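# requesting a structural model of the entry that follows:
(2 chains)
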Amino acid sequence: MSGVVAASTTLPSGAGGAPGRGPRPRRMTPARWGIYAFLLITALFFLLPLYVMIATSLKTMDEVRMGNIIALPVNLTLEPWIKAWSSACTGLNCNGIRVGFFNSVKILLPSVFVSIIIGSLTGYALSFWRVRGATLLFAAMMSVAFIPYQIFIYPLVRVFAFLGLGQSLLTIVIVHTIFGLPTMTLLFRNYFASLPAELFKAARVDGAGFYQIYWRIMMPMATPMIVVAIILQVTGIWNDFILGLVFAGRENLPMTVQLNNIVNTTQGERAYNVDMAATMLTALLPLVVYFGSGRWFVRGIAAGAVKG
Amino acid sequence: MSLARFRLSSRAAAASSLLPAFLVMLVVYIGSTGWTVWMSLTSSRMLPNNTFVGLRQYEILFSNDRWLTSVHNLVLFGLLFVAASLVLGFLLAVAIDQKVRAEDTLRSVFLYPYSMSFVVTGLVWQWLLNPTHGIQKLVRDWGFPEFAFDWIVRQDTVIYCLVLGGVWHAAGLVMAIMLAGLRGIDEDIWKAARVDGLPVWRVYLSIVIPMLGASFATAGVLLSTSVVRLYDLSVSMTNGGPGIASEVPAKFVMDHLFERQNIGLATAAATSMLVTVVSVVAPYLFWRVRKAGVR
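Next comes the predicted model:
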């Protein structure tokens, strides 16, 4: 998918380097009031869930029951956050969402690393080297990015069972690498294809081999793409639900799956403040990546938008 | 090392680096797809078997209420979600493109939901739409005791709640794509339109929108793929309920694979999803390839 997107919309300087046409008009005409009103109301609609999530997570349950959702917390409390982190229950296990957090970290680090290495290598081979069947491979990757996971899931479960891996950390890392491959390959292929071919030829004349050129010349030049790839994979893999649910195994369930279990399978009265704190904790890493990376995030989704 | 041998070894190295990709293509893309399609033609239930039963599973599937509800939901969700996201995203991009203040902040506000997981989206909106504690109670407390916004617990309206969550999640993405498209439009077109005295809305309607065709296609395809994949949002927000009112095809497949142990039916459903995607995406890819060829 991503390649399709990357090919068609090369975002000029990440969606808006230069602000609109000409200088900003001084006068506030009715039309401009209308534009600002529309933007403001829509912005409030977009911010409401985040605000409610944070506000609810800082209230006591009494306050949640008595007050309304948009009221500011009167007695600020961090207890829901502590509870969500260290003692919220999934079924009979009451160790908090930190279990899922560390599982997600364990899944995230190797998956991001391996998928970027293999994706960049594949992209490099496809852009500079003539290999038989490469076009077919590329076409297959482009089309496969559109296909829902449900097609592959059952056979893959059987294959991993047959290989003796079953549901495990290694399995989920392989699965993330498999499904990250089209996006990563296209990302790097498009980037390498934009580099001057002379660079590559000169290195070959100097006697550098395939892996030497990749590691010493191409990867250092691809630093911007590596940053984009990291942003893309970190958010994509952190936010994944279905692959972790199926392939990670009971011991390694990622944070999203555990969050859903905590919130949606509670017995007895639901602690909405703890639920919202747990939700906020799960959303935290992608939000930090998003607000920390600024325009890079937009470049990332432009280059590889569809995941999950 | 002679040059010829050097060439050869580099060739081999290049081929070896593509091994993982070829393996993935053979085992996952071709092998798994083929296996899934084959399974859908067998009588497999809890364990896979190779007893060929033709299209029997599809007959069962398309007389299954839950599946039909899922498909109906997906079509309804898809149309509303794609249309609403495109319209809202486009309007936001146009509004932001009018040299407004705090452009960066506004862009961040509209796009941040896209960085979060569908599970988070589903759970937040589940809370907001909760009739006893959420928006309904808020408005009632403001002095409208008759106010009703209990869509999430009603079978005939729950699907609109998924649309609401989905649009909140994805409209910012459309905005980013459209804004990039708008910024790519030549200044001279605006100058020419001003000279001709065309009103701004006419320029947008008759010139800008047609010029943004590629952006609309990209956004549309991106949104459509996430429609077919719709799973996490339904699971986290409503878990398919109330009853089966917000079931979706992806969830039907997962439930029949792992809970109801009906592999034949599940793979028939998965294959139906595949056919749908191919019939939507193939024309798009064809169009893209042809366009690239002309260029």
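
# low-confidence ranges, chain A, go.
Within chain A, the ranges that satisfy pLDDT under 70 run A:1-26, A:302-308.

# per-domain residue ranges of it.
Domain assignment for chain A by automatic domain parsing gives A:28-77, A:101-253+A:277-304.

# just give me how far the longest one sits from the chain centre.
Distance, stretch centre to chain centre, for domain A:101-253+A:277-304: 11 Å (CA atoms, centre = their mean, to the nearest Å).

# now swap in the first one and tell me
Here domain A:28-77 is found 26 Å from its chain centre; the criterion is CA atoms, centre = their mean.

# out of the domains of chain A, which comes closest to residue A:91?
domain A:101-253+A:277-304 (10.7 Å; CB to CB). All C-beta spots, glycine's among them, are computed from the backbone N, C-alpha and C.

# returning to that earlier point: most tightly packed of the domains of chain A?
Mean neighbour count (mean count of other CB atoms under 10 Å in any protein chain shown) peaks for domain A:101-253+A:277-304 among these, with a mean of 20.

# could the domains of chain A go into JSON lines alongside distance to chain B?
As requested, the domains of chain A are exported to JSON lines (distance: least, CB to the nearest CB, whole Å):
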{"stretch": "domain A:28-77", "distance to chain B": "4"}
{"stretch": "domain A:101-253+A:277-304", "distance to chain B": "4"}
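
# could those domains go into CSV alongside distance to residue B:113?
Output for the domains of chain A, formatted as CSV (distance: least, CB to CB, whole Å):
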stretch, distance to residue B:113
domain A:28-77, 7
domain A:101-253+A:277-304, 10
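
# so which of those domains comes closest to residue B:288?
Closest of the domains of chain A to residue B:288 is domain A:101-253+A:277-304, at 9.3 Å (criterion: CB to CB).

# OK, contacts around residue B:133?
Residues near residue B:133 by CB atoms under 8 Å, 6 or more residues apart in numbering or on different chains: A:64, A:65, A:69, A:272, B:127.

# swap that for residue B:88, please
By CB under 8 Å, 6+ apart, the residues touching residue B:88 are A:42, B:167, B:171, B:174, B:175.

# kindly recompute the last result at 10 Å.
By CB atoms under 10 Å, 6 or more residues apart in numbering or on different chains, the residues touching residue B:88 are A:42, A:45, B:110, B:167, B:168, B:170, B:171, B:172, B:174, B:175.

# then residue A:160?
Going by CB under 10 Å, 6+ apart, residue A:160 touches A:166, A:167, A:168, A:170, A:171, A:172, A:174, A:175, A:246, A:247.

# check the contacts of residue B:88 against residue B:237 and report the nearest one.
Here the nearest of the contacts of residue B:88 to residue B:237, counting by CB to CB, is residue B:168; it sits at 11.5 Å.

# the helix or strand hosting that closest one and chain A, are they touching?
Assigned by DSSP states H and E, residue B:168 belongs to helix B:158-183. Yes. Against chain A, helix B:158-183 shows contacts by CB under 10 Å from any CB of the partner chain at B:164-165, B:167-169, B:171-173, B:175-183.

# for ChimeraX, what selects the buried ones among those residues?
A single ChimeraX command is used to select the members of these judged buried by 16 or more other CB atoms under 10 Å in any protein chain shown:
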select /B:164,165,167,168,169,171,172,173,175,176,177,178,179,180,181,182,183
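
# quick one: residue B:109 and residue A:39 touch, right?
Yes. In this structure residue B:109 lies within contact range of residue A:39 using CB atoms under 10 Å: 9.2 Å.

# where do the contact lists of those two overlap?
B:92, B:102.

# list the contacts for the residue lying closest to residue B:193 once chain neighbours are set aside?
In space, and not counting its chain neighbours, residue B:193 is closest to residue B:203: 4.5 Å by CB to CB, 6 or more residues apart in numbering or on different chains. Contacts for residue B:203 (CB under 10 Å, 6+ apart) come out as B:185, B:189, B:190, B:192, B:193, B:194, B:196, B:209.

# burial of the nearest residue to the first one once chain neighbours are set aside, as a residue count?
So the one you mean is residue B:185. Sequence neighbours aside, residue B:211 is the residue nearest to residue B:185 in space, at 6.0 Å (criterion: CB to CB, 6+ apart). For residue B:211, the count of nearby residues is 14 (other CB atoms under 10 Å in any protein chain shown).

# need the contact list for residue B:211.
B:181, B:182, B:184, B:185, B:186, B:189.

# give me phi/psi at the closest residue to residue A:264 other than its chain neighbours?
Closest residue to residue A:264 in three dimensions, ignoring its sequence neighbours and counting by CB to CB, 6+ apart: residue B:239, at 6.1 Å. Note on residue B:239: backbone dihedrals following degrees, to the nearest 10 are phi 50, psi 40.

# show me what contacts residue B:239?
Counting by CB under 10 Å, 6+ apart, residue B:239 touches A:260, A:264, A:265, B:122, B:126, B:246, B:247, B:251.

# what's the helix holding residue B:168 packed up against?
Counting contacts by 3 or more CB pairs under 10 Å, 6 or more residues apart in numbering or on different chains; DSSP states H and E, helix B:158-183 is packed against helix A:30-57, helix A:295-304, helix B:65-96, helix B:103-115, helix B:118-128, helix B:213-229, helix B:232-237.

# picking up where we left off before, using a markdown table, lay out the contacts of residue B:211 together with pLDDT.
Shown next, in a markdown table, are those (pLDDT from 0 to 100):
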| residue | pLDDT |
| --- | --- |
| B:181 | 89 |
| B:182 | 91 |
| B:184 | 86 |
| B:185 | 86 |
| B:186 | 84 |
| B:189 | 86 |
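
# now render those as JSON lines, adding distance to residue B:261.
Shown next, in JSON lines, are those (distance: CB to CB, whole Å):
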{"residue": "B:181", "distance to residue B:261": "48"}
{"residue": "B:182", "distance to residue B:261": "51"}
{"residue": "B:184", "distance to residue B:261": "52"}
{"residue": "B:185", "distance to residue B:261": "55"}
{"residue": "B:186", "distance to residue B:261": "60"}
{"residue": "B:189", "distance to residue B:261": "60"}
